[in-house]
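*Asks:* here is my input; please provide its structure:
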Amino acid sequence: MRSKEGDSLRSLLDFVEFTHNFQQVERIVLVNGKERWENDAEHSYQLSLVAWYLVEHNKLNLNLNKIVLLALVHDLPETYAGDTYIFDEQAVLDGKQKREAEAVQLLKKNFPDFSSLHELMAEYEARKTPESKFVYALDKLLPVLNIYLDRGRTWQKKGITLEQLFQAKNDKISVSSDLLPYWKELAAILRENKQLFSGSV
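*Replies:* Got it, this is the predicted structure:
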C-alpha cells in the first residue's frame, strides 16, 4: 500500500512531467537569432515577465498577481491540444476551441486538486475581467514584438503579409485599452518597414 507521502511525491512527479511536456509544445515564432521555434514554456515565461513590466512601468490599475498567474497558465491546455498557428488552414482554426476544451477537461481530470489553476484558465478564456483582457491582448502583441526584433524572419519564412498580420491582430489587441497605444505605434513602424514581410520585394 502506498503511503500518503508516496502519493504526494507521485503527484509532484506527474506535474513536473506535465511541465516537461509543456516545454515540448512548439509555436510558430522563431527564437530571436536562432534556427528553432520557441516553445510554450518560453513564451509563457516571457509573457509573464513583460506583463509585470508593463503593469509597473505604466502604473496600471490592475491586479499584478493575477496578471502574472494568468500569463503563466494561459496556454497550459496546449500541452494536450498543441498550439494552433494563427495563420493555419481554416479547418485547423475551426477545431481549436473543441481541442482546447477537451484539453481543459483532461487537465481537471489529471490535476483535480489544483483548483486555482482551473479557475484562472476559465477566467482567461472568458475574457471578462480587465486582467484577462490585458493578458489576452499582450499574448497577441508579444509575438509581433519578437518577430519585429528578429527582422521579420518568421513572417518571411511563413509567407505572411502586412495585411494578413493586421487582419489577424487588430481586433484581438484592441480588447485592452492599455495596450492599444503600443499596437498603434508598432503598426505605424511596420507600415514603414514592409521589407520585413513576405511579398515586399
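*Asks:* counting contacts, what elements does the strand or helix carrying Lys109 pack onto?
*Replies:* Applying DSSP states H and E as the criterion places Lys109 in helix 96-110. Counting contacts by 3 or more CB pairs under 8 Å, 6 or more residues apart in numbering; DSSP states H and E, helix 96-110 is packed against helix 78-81, helix 115-126. The C-beta positions use only the backbone N, C-alpha and C, and glycine is treated the same way.
*Asks:* most packed of those?
*Replies:* helix 78-81 (a mean of 21; mean count of other CB atoms under 10 Å).
*Asks:* I'd like the mean pLDDT over that helix, please.
*Replies:* Averaging pLDDT along helix 78-81 gives 97.
*Asks:* same check, this time on stretch 43-61
*Replies:* Regarding stretch 43-61, the rounded mean pLDDT is 98.
*Asks:* coming back round to it: of all the helices and strands packed on helix 96-110, which lies closest to Ala71?
*Replies:* Ala71 sits nearest to helix 115-126 of all the helices and strands packed on helix 96-110, at 9.0 Å, using CB to CB.
*Asks:* for that closest one, which helices and strands make contact with it?
*Replies:* Contacts defined by 3+ CB pairs under 8 Å, 6+ apart place helix 115-126 against helix 64-73, helix 96-110, helix 130-149.
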